[in-house]
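In: Coordinates for the following, if possible.
(one chain, ligands or ions: 1)
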Amino acid sequence: MVTGAQYRGIGMTSQRTRERLVLRLRERGIGNESVLQVIAQTPRHLFVDEALASRSYEDTALPIGFGQTISQPYIVARMTETLLSRGPVNKVLEIGTGSGYQCAILAQLVKSVYSVERISDLLDRSRRLFYQLRLNNIHLKYTDGTQGWSEKAPFDAILATAAPKQIPQALLQQLSTDGGKLLIPVGADGSQALSLITRQGNDYEQEILEAVSFVPMLAGAD
Ligand code: SAH
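Out: Below is the predicted model:
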């Protein structure tokens, strides 16, 4: 991660503002110190439009154009913490690159991240930002994430940041058979539940974690 003045930010995007966000996440129950440290050092203001930079360290989702949103920091922290909570994770697939923020957090905590997005403008913007921030372990693809990324499977974990009505079969198939985890919001607008599915061989165990609100996972590239 680059630490030049441009990336540290000033005023409402300063390191102190970021530390306040971390404090807020702690209060909300995030306890994984590595996750909190990565959030403290990642310039979220670069992942949103300049006009919204002053709000970028509030614990809230923000618009990123094309009707999409950058996820709320609490949700990013919670999902990342959950993925890392049960043993080492090397290779992760993310569905819905969006602003790139969740992807950038993950990339600083695992060996490699694969991320797919169906809106090419968002993907291009994220690609440029990852290059600037020297996050070299991220692999991007413009595609419909309901199909996963079969050429790169299996994955230790798959994290979806858009909500399908039902869990896509392809994602279950692309999990590693030895404890692979799929973390995915499922359901219609207004009634989604964050689900954690763990695979052992051909057994899939499902836990419901909490009520969430994500943009819908749409089929097909745009
Ligand atoms: N992880 C992102 C969240 C962005 S919102 C972030 O941190 O900013 C969810 C994203 O999922 C949107 O960019 C949307 O275009 C994308 N998406 C929705 N359905 C998809 C699909 N089938 N395949 C790939 N991306 C999808």
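
In: so which helix or strand takes in Thr69?
Out: Following DSSP states H and E, one finds Thr69 within strand 68-70.

In: what's downstream of that strand, the next helix or strand?
Out: Using DSSP H and E, the helix or strand that follows strand 68-70 in sequence is helix 73-84.

In: What mean pLDDT does that next one get?
Out: Helix 73-84 comes out with an average pLDDT of 97.

In: tell me which residues in the helix or strand following it are buried?
Out: Note on helix 73-84: by DSSP H and E, the next helix or strand toward the C-terminus is strand 91-95. For strand 91-95, the neighbour count (16 or more other C-beta atoms under 10 Å) marks 91-95 as buried. Where you see a C-beta, it was placed from the backbone N, CA and C, and this is true even at glycine.

In: Now tabulate those in JSON lines and tack on distance to the ligand and pLDDT.
Out: Listed next are those as JSON lines, based on distance: C-beta to the nearest ligand atom, whole Å; pLDDT from 0 to 100:
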{"residue": "Lys91", "distance to the ligand": "17", "pLDDT": "98"}
{"residue": "Val92", "distance to the ligand": "12", "pLDDT": "98"}
{"residue": "Leu93", "distance to the ligand": "11", "pLDDT": "98"}
{"residue": "Glu94", "distance to the ligand": "6", "pLDDT": "98"}
{"residue": "Ile95", "distance to the ligand": "5", "pLDDT": "98"}
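
In: Go through those residues and name the one nearest Leu109.
Out: Val92 (9.1 Å; C-beta to C-beta).

In: Hmm, the closest one is touching Leu159, no?
Out: Yes. Using C-beta atoms under 8 Å, Val92 is in contact with Leu159, at 6.4 Å.

In: Around the ligand, which positions in the chain sit nearby?
Out: Within the chain, the positions near the ligand by C-beta under 6 Å from any ligand atom are 68-71, 95-96, 98-99, 101-102, 116-119, 122, 144-146, 161-162, 215, 217-219.

In: Weed out the non-buried ones from those residues.
Out: The neighbour count (16+ other C-beta under 10 Å) marks 68-71, 95-96, 98-99, 101-102, 116-119, 122, 144-146, 161-162, 215, 217 as buried among the residues of the chain next to the ligand.
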